[in-house]
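Asks: any chance you could fold what I've pasted below:
(2 chains)
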Amino acid sequence: MTAGTTVSTRPQAGPPRDYRFPYFERATLDNGLGVIVAPVHKLPIVSIALVIDAGASADPVDAYGAAQLTAGLLLEGTRKRNGDAVSEQFERWGAAVGASADWDAAVLSMTVLAPHLDDSMALFAEVLLEPAFPERELSRLKSERLADLLQLRTEPRGLADEMFTRFVYDPSSRYAHPESGDVASVKALDRATVERFYQTRYRPNGSTLIIAGDINVADGVTLAQRLLGEWTGAAAPATVVSDAPARTTRAVHIVRKEEAPQSEIRVGHVGLPRSHPDYFPALIVNALLGGLFSSRINLNLREVHAYTYGAHSSFDWRKAAGPFVVSTAVKSDVTADAAKEILLEISRIRADAVSEDELTLATSYLDGVFPIRYETTDSIARALAALTIYGLPNDYFDSYRANIRRVSAMDVLHAADKHLHPDRLQLVVVGDSSVIAAPLAALDAGPVSVYDAEGRPER
Amino acid sequence: MRVPIVSFRLANGLSVTLSEDHTAPIVAVNLWYHVGSANERPGRTGFAHLFEHMLFQGSAHVGANEHFEIVQRAGGMLNGSTWLDRTNYFETVPSNQLAIALWLEADRMGQLLPAMTQQKLDTQRDVVKNERRWSVDNQPYGTWWERLPALAFPPDHPFHHSLIGSMEDLTDASLEDIAQFFATYYTPDNAVLSIAGDFDPAEARALVEQFFGPIPRGAGKPPLPPMDLPAHFGSWKRLVVPDAVMLPRLFLGFRAPVFGDDAHFAATVLAAILGTGKGSRFQRALVRDREIASEASAFTFDLAKASDLLIADVTARPGITAEVLEAEVVREIDRVRADGVTDDEVQRAVALLETALVSSLQSAGDRADKLSMFATYFSDPGLVNEQTERYQRVTATQVSALAREMLGEDNRVSLVYVPADSLADTPAHVEVGEPVGASR
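Replies: Down below sits the predicted model:
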């Protein structure tokens, strides 16, 4: 070892500087539209998110995919101009605009430089309030979705995600089916369905306009009133989603991809709803199990065994219980070995309390990165959108770091024991069945079924 | 809007840029080493990237995997990446953790080798092989980003070979290679350091001097072989690749002015006119109007050496053959060549580029990375403040002239993926023009 070219003593951290999530104010217009303004004056830029109670969970049972198609069509033409003209006009102001629906909400979003805010907001309102839903664009968006579904058959990562949710949730649950709909449901979508979905769910009451960036509160509220004050309609009916599991015992599902050099593995079960009181302990459980680079599953599968480029776990937080899942891609011939290590790690974190040292790896990480998550107006707007969608308290961000630090090793053990269910795990593998089927059967992780790339059982 | 910049150089040649912003208690540390896959010797493809993995395996005073753990425990985010001609390492941490971030970077720049072992190399080699399987071999169209440079650069050119590397070459990499690469390229005079965010400049400077100052200057690196290339390919090269995909996809590439050149700004604007945003020509003509494509975009690689590439990336709709797809994309290319672009189109493209730039400059990490980029390629981090103006100076006349000059048939490469599988709705084994080769 050559001496003296580096300083051997690790420096200590200085005193931390205070940080607060950007200050924001709420208002409610007479038509019931909620408004949140978060002034952030660092750069001359503004991000907008209009949150509407029109997510995929609200899809009619015979029209899965309606929420995403409706949101997508907002940008495809208004009563005043066609889709080309809408896009061209937004883009000439440099506005980055998006319209999409996730499980719990539709979000119409925009980021634009402050000098173009007024102009682009007028078009934003037109897109929201006067969509034309042109037949031609509707049929085009449907075929683009069908093209995506076709591509999925040879895209192992997306296919594994899709198949995992299908095997985890009961077919009667909306969550068992793709957010954007499947081939049959998408083909059946028509203009009347979209029109009805829009009329029922796109209502000011129950929607919230979020404005984050280089603008003050009064100007933000005035802008909302001027452009969206005339929007009318009572709140949409509340949506309830079933999160019932497909089965309550372990099972192994192999989706065939012959000659695949790797297996895409998903292991998990129905997780927890966003409103669960154990949210913070569950966050820490996940961080330590597979959420961080230095988590148990990643260090085991990547750094100890070199089975993979990476492995991680997550809770997908939704209004009802989204999935808990461990995801990785491993060399085909070690598929069962890797699955075994994942099962062991899930059992291990339920068996013994984590050390204080390991606990603080997660708590100090989540505490420390908190300000780094909100550097951009877009990320601030998205955080406020989540606050709105999940009905979190106004002081949620201000108390977040204390809530993280409050989680103890015993809380982690209890949450892991209560919310991870080794006996219910569904193990889904997209890979070369000729290589992986026998070792997976020998793993004794549940009965093994084999499917083709469209999920049709083969035996 | 201007990013504040202070630059200085240590006696050992390390170039340092500081950019203060006290709006949040966050600081980004970003190091670019001026070495990438272009510097690999024959038989060692993928080595620069494998080496990047080894830099997270500890150094004289940092244990295996401790680098990640220390930064995450400090409340920071971190990573590294390897490109054709540079490798970067970066972390964003709470501002009171600046010292530990700098110390970690200095320890691995100064004393990496004491921590290197055969076992660590073997493990990271297998991790990288799995990265290759994940991102290239088991991903539809995944080979495009090694096939396209292979088509676009001559066989002996430093940009020709695979960045992620071949399995054989990865297998052959040894600890001696690590030692040699480290001594040659991981030296302070071959690196730039940028610090952006909430820090005290005098304190930051003192920390940099303390931690990086003692690291000796390198002995110089071997020059890259001559990289200059003619402005045009000189022909239209085509490669048809039957692959496990459902839809044909075309990458149509053009040799373009290098990043940093005045003409490169016009090339970026041209790419945005063709393929950025729903109002772009490809989206309007190929996706919306003629319904040929399910996805369509265009972009530049932003290579600062040899020549840049402008790439059109278009995926067919079900039922559209590779031949039709290519003919329709070429029709759009020929149209812009013949008729040029309008002021409105330039205005749209520049506005989008400007918003994207301001958006990214909000983040300390992105700001630091841009400063390092301009310092590495042009020895002038201040160029970050000239980008908007230079885009605004681009005229329709310039873009039209560039389109005429660089989009011709003598300056094209086509990389065409076609479904090899009977599952597909489109005919397999489509051959477009004269393929120069095919795989599988």
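Asks: where does the prediction get shaky in the stretch 201-350 of chain A?
Replies: Along the stretch 201-350 of chain A, no part satisfies pLDDT under 70.
Asks: from the stretch 51-200 of chain A, which residue is nearest to chain B?
Replies: Closest residue of the stretch 51-200 of chain A to chain B, CB to the nearest CB: A:Gly94 (3.2 Å). All C-beta spots, glycine's among them, are computed from the backbone N, C-alpha and C.
Asks: before we move on, what about the stretch 201-350 of chain A?
Replies: For the stretch 201-350 of chain A, CB to the nearest CB, closest residue to chain B: A:Ala306, 3.5 Å.
Asks: excluding chain neighbours, what is closest to that residue?
Replies: Computed as CB to CB, 6 or more residues apart in numbering or on different chains, the closest residue to A:Ala306 that is not its neighbour in sequence is B:Asp126, at 3.5 Å.
Asks: the chain - how does it break down into domains?
Replies: In the absence of a named chain, this looks at chain A. As given by automatic domain parsing, the domain ranges for chain A are A:25-228, A:251-451.
Asks: hmm, no, I was thinking of chain B.
Replies: Taken from automatic domain parsing, chain B resolves into B:6-212, B:235-419.
Asks: and the helices in the stretch 251-400 of chain B?
Replies: Along the stretch 251-400 of chain B, the segments classed as helices by DSSP state H, counting those that start in this stretch run B:262-275, B:281-282, B:322-339, B:343-361, B:364-378, B:387-392, B:396-406.
Asks: what's the separation between the most centrally placed residue in chain B and B:Tyr33?
Replies: Central residue of chain B (CA atoms, centre = their mean): B:Trp83, 5.2 Å from the mean position. Applying CB to CB, to the nearest Å, the value for B:Trp83 to B:Tyr33 is 11 Å.
Asks: and for A:Leu292?
Replies: Counting by CB to CB, the gap from A:Leu292 to B:Tyr33 is 26 Å.
Asks: re the thing from before, okay if I get the domains of chain B as CSV plus distance to A:Arg10 and mean pLDDT?
Replies: Formatted as CSV, the domains of chain B follow (distance: least, CB to CB, whole Å; pLDDT from 0 to 100):
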stretch, distance to A:Arg10, mean pLDDT
domain B:6-212, 6, 97
domain B:235-419, 22, 97
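Asks: how about the residues of the stretch 151-300 of chain A near chain B?
Replies: Applying CB under 8 Å from any CB of the partner chain, one finds that the stretch 151-300 of chain A approaches chain B through A:151, A:153-157, A:260-262, A:264, A:292-294, A:299.
Asks: for the closest residue to chain A within the stretch 1-150 of chain B, give me phi and psi.
Replies: Closest to chain A within the stretch 1-150 of chain B is B:Gly75: 1.0 Å, counting by CB to the nearest CB. B:Gly75 adopts backbone torsions of phi 90, psi 30, taken as degrees, to the nearest 10.
Asks: so it makes contact with A:Ala362?
Replies: No. In this structure B:Gly75 lies outside contact range of A:Ala362 using CB atoms under 8 Å: 11.1 Å.
Asks: and the strands in chain A?
Replies: Using DSSP state E, the strands found in chain A span residues A:25-28, A:34-39, A:45-52, A:96-101, A:106-113, A:208-213, A:251-256, A:262-270, A:308-315, A:323-331, A:426-431, A:448-451.
Asks: possible to save these as CSV with mean neighbour count?
Replies: CSV is the format used below for those (neighbours: other CB atoms under 10 Å in any protein chain shown):
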stretch, mean neighbour count
strand A:25-28, 15
strand A:34-39, 22
strand A:45-52, 27
strand A:96-101, 20
strand A:106-113, 24
strand A:208-213, 28
strand A:251-256, 23
strand A:262-270, 27
strand A:308-315, 22
strand A:323-331, 25
strand A:426-431, 29
strand A:448-451, 18
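Asks: for these, which one sits closest to A:Lys142?
Replies: Closest approach to A:Lys142 among the strands of chain A (CB to CB): strand A:96-101, 15.1 Å.
Asks: check whether stretch B:307-314 contacts chain A.
Replies: No. Judged by CB under 8 Å from any CB, stretch B:307-314 makes no contact with chain A; its nearest approach is 12.7 Å.
Asks: can you give me the helices for the stretch 251-400 of chain A?
Replies: A:279-286, A:296-298, A:335-351, A:356-369, A:377-389, A:396-406.
Asks: what sits up against the last one?
Replies: Contacts of helix A:396-406 from elsewhere in the structure, counted by CB atoms under 8 Å, 6 or more residues apart in numbering or on different chains, are A:Arg20, A:Phe21, A:Phe280, A:Leu283, A:Ile284, A:Thr363, A:Leu366, A:Asp367, A:Phe370, A:Ala383, A:Leu387.
Asks: right, and the pair among those residues with maximum separation?
Replies: A:Arg20 and A:Ile284 (22.8 Å).
Asks: the two - which one has more neighbours?
Replies: It is A:Ile284, of A:Arg20 and A:Ile284, that has more neighbours when counted by other CB atoms under 10 Å in any protein chain shown, with 25 against 9.
Asks: so what's the more buried one up against?
Replies: A:Leu359, A:Ala362, A:Thr363, A:Leu366, A:Ile404, A:Val407, A:Asp411, A:Val412, A:Ala415.
Asks: nearest to A:Ser172 among these?
Replies: Among the contacts of A:Ile284, and counting by CB to CB, the member closest to A:Ser172 is A:Ala415, at 28.3 Å.
Asks: which residue sits closest to the closest one, ignoring its sequence neighbours?
Replies: Using CB to CB, 6+ apart, the nearest residue to A:Ala415 is A:Pro281, at 3.6 Å.
Asks: same question for A:Asp337.
Replies: Looking at A:Asp337 with CB to CB, 6+ apart, the closest residue is A:Tyr307, at 6.9 Å.
Asks: wait, that neighbour sits on A:Asp333?
Replies: No. Look at A:Tyr307 against A:Asp333 with CB under 8 Å: they stay out of range, at 9.8 Å.
Asks: so these two - more neighbours on which side?
Replies: A:Tyr307 (25 against 14).
Asks: roughly how far apart are that one and A:Asp243?
Replies: A:Tyr307 is 31 Å from A:Asp243, by CB to CB.
Asks: also A:Ser47?
Replies: From A:Ser47 across to A:Asp243, the span is 31 Å (CB to CB).
Asks: so who does B:Val399 touch?
Replies: B:Ala266, B:Val269, B:Leu270, B:Ile273, B:Gly340, B:Val341, B:Val346.
Asks: check contacts around the first one.
Replies: Taking CB under 8 Å, 6+ apart as the definition of contact, the neighbours of B:Ala266 are B:Pro257, B:Val394, B:Gln398, B:Val399, B:Leu402.
Asks: name the element B:Val127 belongs to?
Replies: Taking DSSP states H and E as the criterion, B:Val127 maps to helix B:118-132.
Asks: just checking, what packs against that helix?
Replies: Contacts defined by 3 or more CB pairs under 8 Å, 6 or more residues apart in numbering or on different chains; DSSP states H and E place helix B:118-132 against strand A:308-315, strand A:323-331, helix B:47-54, helix B:167-172, helix B:175-185.
Asks: still on that earlier bit, what sits closest to the residue of the stretch 1-150 of chain B closest to chain A if chain neighbours are left out?
Replies: B:Gly75 sits nearest to A:Gly368 (CB to CB, 6+ apart), 1.0 Å away.
Asks: going by proximity to chain B, name the top residue of the stretch 251-400 of chain A.
Replies: For the stretch 251-400 of chain A, CB to the nearest CB, closest residue to chain B: A:Gly368, 1.0 Å.
Asks: what does the stretch 201-350 of chain B put close to chain A?
Replies: So the stretch 201-350 of chain B meets chain A at B:207, B:210-211, B:214-216, B:244-247, B:277-279, B:283-284, B:287-288, B:291, B:294, B:315, B:317-318, B:344, B:347-348 (CB under 8 Å from any CB).
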